[in-house]
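Enquirer: just a sequence and a predicted model for now, questions to come.
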Amino acid sequence: MNMHHNFTYAESLAASERVNWRIEDLIGPDKTLDFSKPFMPDALARVQSMDYLSPREKLILNQIRGHNYLYLFGLVEEFILPFVLDHARPHLQGDDYRVRAFLNFASEEAKHIHLFKRFREEFEKGFGIACDVIGPPEEIAKAVLAHDPLSVALVILHIEWMTQRHYVDSIKDNGDLDPQFKSLLKHHWMEEAQHAKLDTLMVETIAKDRDADSIAKAIDGYLEIGMLLDGGLKQQTIFDVDAFCRAAQRRLDAEELEAFVNHQHQAMRWTFLGTGMGHRRFLQTVESLAPAQRTRLEGIVPAFS
């Protein structure tokens, strides 16, 4: 296995401890969402090209996408948390920095789940319409965790690098977004930056001594989880159409409905699948396991663009 980084447990732990923030500092009565502004960059929401929607309707849909964005992060963290704890448990008597780094990783994921639940409460109070979501999270977590641990670790690594790409490429310098929502994304990104490094190390540990056939099967499992999540994205898109029609008091004809679902499902696929699978750091890790598997994934990414 060829190393493509210089990540260490000690440095990741130290960086994470410097970043540490509290939920109470980010959300509460004096930190409210501004529903006159978009929550998501259009590079991810892709609402501006939907010409049959008015500016007001595009804003409503953008905010619904912001709601499902953070909900879906909370959902995937429901399987990341137990997986990281299970990975840390066998090594409690080993490298102290490693143990502390992974326990801190798990603690931060639990904090993110709590933060996103608080956000949903604040969103529904301000938005005025309840938005249905896929789940329950524990059932999705069970289905994901039934796969090969290396497949799951790769999905988690995909998610960590995806978070980095979203924030750096289209959120960080976007002055149009609601500052409160942007603050939630910024603080989530700050901690996930260390999680991406730790999960890279976790993937390497799990993959150690595996042969090419085992790696290929793990990539198969990674793709199977991706398709499971893609089915969830399609269902979430259908829920979002319903929330949009209720919030905008808009009826879509059959042609508009089909166009809406297809367009927004593909936008969701890019947001949650394409941006992670195609991230150069993720592909570097896959290449370090088996170069042929990187080529395989690079051939799949365009389907999610």
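Expert: Good, I have the coordinates. Numbers count the residues shown, from 1 in each chain.
Enquirer: next one: phi and psi at Arg46?
Expert: phi 50, psi 50 (degrees, to the nearest 10).
Enquirer: for it, the count of nearby residues, please.
Expert: Using other C-beta atoms under 10 Å, Arg46 is surrounded by 20 other residues. To be clear about C-beta, it is placed using only N, CA and C from the backbone, and glycine gets the same treatment.
Enquirer: with adjacent residues omitted, what lies nearest to it?
Expert: Ala267 (3.9 Å; C-beta to C-beta, 6 or more residues apart in numbering).
Enquirer: wasn't the one you found part of a strand?
Expert: No: counting by DSSP: H, G, I helix; E, B strand; the rest coil, Ala267 is not found in a strand; it is helix.
Enquirer: okay, now it: neighbour count?
Expert: 22.
Enquirer: same deal with Lys208?
Expert: Lys208: 8 neighbours (other C-beta under 10 Å).
Enquirer: what's around His265, how many residues?
Expert: Neighbours of His265 (other C-beta under 10 Å): 18.
Enquirer: wait, what's in contact with it?
Expert: Leu233, Lys234, Thr237 (C-beta atoms under 8 Å, 6 or more residues apart in numbering).
Enquirer: need the contact list for the residue nearest to Arg46.
Expert: Leu44, Ala45, Arg46, Arg65.
Enquirer: now, among these, which is nearest to Val203?
Expert: Leu44 (25.3 Å; C-beta to C-beta).
Enquirer: and the contacts of the strand or helix carrying the closest one?
Expert: Using DSSP states H and E, Leu44 maps to helix 42-45. By C-beta under 8 Å, 6+ apart, the residues outside helix 42-45 that reach it are 38, 48, 61-62, 65-66, 69, 166, 169-170, 267, 270-271.
Enquirer: could you turn the buried ones of those residues into a ChimeraX selection?
Expert: Here is the ChimeraX command that selects the buried residues among these (16 or more other C-beta atoms under 10 Å):
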select :38,61,62,65,66,69,166,170,267,270,271
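Enquirer: find the pair from the contacts of helix 42-45 with maximum spatial separation.
Expert: Farthest pair in these, by C-beta to C-beta: Leu61 and Asp169, 21.0 Å.
Enquirer: show me what the helix or strand of the chain with the lowest mean pLDDT is packed up against.
Expert: Every helix and strand of the chain was ranked by mean pLDDT, DSSP states H and E. The lowest is helix 9-19, at a mean of 82. Using 3 or more C-beta pairs under 8 Å, 6 or more residues apart in numbering; DSSP states H and E, the elements in contact with helix 9-19 are helix 96-127, helix 179-207.
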